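Any chance you can model this:
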Amino acid sequence: MSSPVSVIIPCLNEEEPIADVVRECLATGIPKEVLVVDNGGTDRTAERARAAGARVVSQPARGYGRACAAGVAAADPACEILLFLDGDGSDVPALMGQIIAPVADGTQDFVIGSRTRGEREPGSMNAQQIFAGHLAGFLMRALYGVKYTDMCPFRAIRRDTLARLGMEEMTYGWNLEMQMKAAKARLRVLEIPVAHRCRTGGVSKVSGTLRGTFVAGWKIVTTFLRIARGAKPGKL
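Residues are numbered from 1 along each chain as shown. Sure thing, here's the model as predicted:
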């Protein structure tokens, strides 16, 4: 692949799966680097990621979007394409070539995986996650005419394109903000089905607890309303 790729993995206490996730990423032979962002964890995530071959970035201030932003800021300047995925073992790094290729060859500006359209292991997503993805997709299609079926973290975008989106959300609304701003900017957006596995360790910060579900849901709602009230779609 001609365009250098940086893989960014935001993590919070993912010591059980993270080494395998890093090794799976490197085994594809695609990324120039794998960055694991330790988002104020209290376990051995950083140590195990580093031992597996990742470069570890520390972002002690909690927040999913904040961790993603720290990874973007720390990425090798030579890397033109940024690929994001989760560190819990649920995404399938072997599929990253399918996510990156349309961005690398210039046919798409932003590519996102869809877990709801792909093959999912039983129990890998709960009903609330599936419903939220379809609801957000319905609303974004009504607003912008872009079809999304998921807010999957597995996604790729050019570094300069992401910079022009002006990302602001530092918590759970990061993924939704990127999708909405990409649609408003009339980027060429492609959603492709991806396989999704059950997490291989740790506890989900979103669906693992009632509080996490509520907080994430609230952040996503407020992010949607904030961006929907903004300027009309326009070219970058």
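
which sections of the protein are below the confidence cut-off?
Within the chain, the segments meeting pLDDT under 70 span 1, 202-217, 231-236.

quick one, helices of it?
Ranges of helices in the chain, per DSSP state H, are 18-27, 45-52, 64-74, 96-104, 127-144, 159-165, 174-184, 210-228.

As TSV, these with distance to Asp86 and mean neighbour count would be great.
All C-beta atoms are positioned from the backbone trio N, CA, C, and that covers glycine. As requested, the helices of the chain are exported to TSV (distance: least, CB to CB, whole Å; neighbours: other CB atoms under 10 Å):
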stretch	distance to Asp86	mean neighbour count
helix 18-27	8	21
helix 45-52	13	19
helix 64-74	10	21
helix 96-104	13	20
helix 127-144	13	16
helix 159-165	18	15
helix 174-184	10	23
helix 210-228	14	15
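
Run a quick neighbour tally on Met151.
24 (other CB atoms under 10 Å).

re the thing from before, and of the helices of the chain, who's closest to Thr200?
Closest to Thr200 of those, according to CB to CB: helix 18-27, at 6.9 Å.

Hey, what's the angle from the closest one to helix 96-104? Just curious.
Interaxial angle of helix 18-27 relative to helix 96-104 (axes from the mean of the first three to the mean of the last three CA atoms, to 10 degrees): 50 degrees.

among the helices of the chain, which is nearest Ile81?
helix 96-104 (5.6 Å).

rewinding a little: looking at the helices of the chain, which is nearest to Glu121?
Nearest of those to Glu121, taken as CB to CB: helix 127-144 at 13.4 Å.

contacting residues for the most centrally placed residue in the chain?
Averaging the C-alpha coordinates of the chain gives a centre point, and the residue nearest to it by CA atoms, centre = their mean is Pro153 (2.7 Å). Contact partners of Pro153, counting by CB atoms under 8 Å, 6 or more residues apart in numbering, are Phe84, Leu85, Asp86, Asp91, Asn175.

The third one and Ile9 touch, don't they?
So that's Asp86. Yes: assessed by CB atoms under 8 Å, Asp86 is found in contact with Ile9 at 7.1 Å.

So between those two, which is more surrounded?
Looking at Asp86 and Ile9 with other CB under 10 Å, you find the greater number of neighbours at Ile9, namely 31 against 19.

For the more buried one, which non-adjacent residue is spatially closest?
Nearest non-adjacent residue to Ile9, counting by CB to CB, 6 or more residues apart in numbering: Gly87, 4.5 Å away.

give me every residue that touches the one you found.
So Gly87 contacts Ile9, Pro10, Cys11, Glu14, Pro17, Ile18, Val21, Val36, Thr45, Ala49 (CB under 8 Å, 6+ apart).

give me that answer again for 6 Å
Going by CB atoms under 6 Å, 6 or more residues apart in numbering, Gly87 touches Ile9, Cys11, Glu14, Ile18, Val21.

Ok, Ala136 next?
By CB under 6 Å, 6+ apart, the neighbours of Ala136 are Met151.

what does the one 10 residues further on give?
Contact partners of Val146, counting by CB under 6 Å, 6+ apart, are Met140, Ala183, Val189.

would CSV of the contacts of Gly87 with distance to Gly166 be doable?
Output for these, formatted as CSV (distance: CB to CB, whole Å):
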residue, distance to Gly166
Ile9, 23
Cys11, 25
Glu14, 29
Ile18, 30
Val21, 29
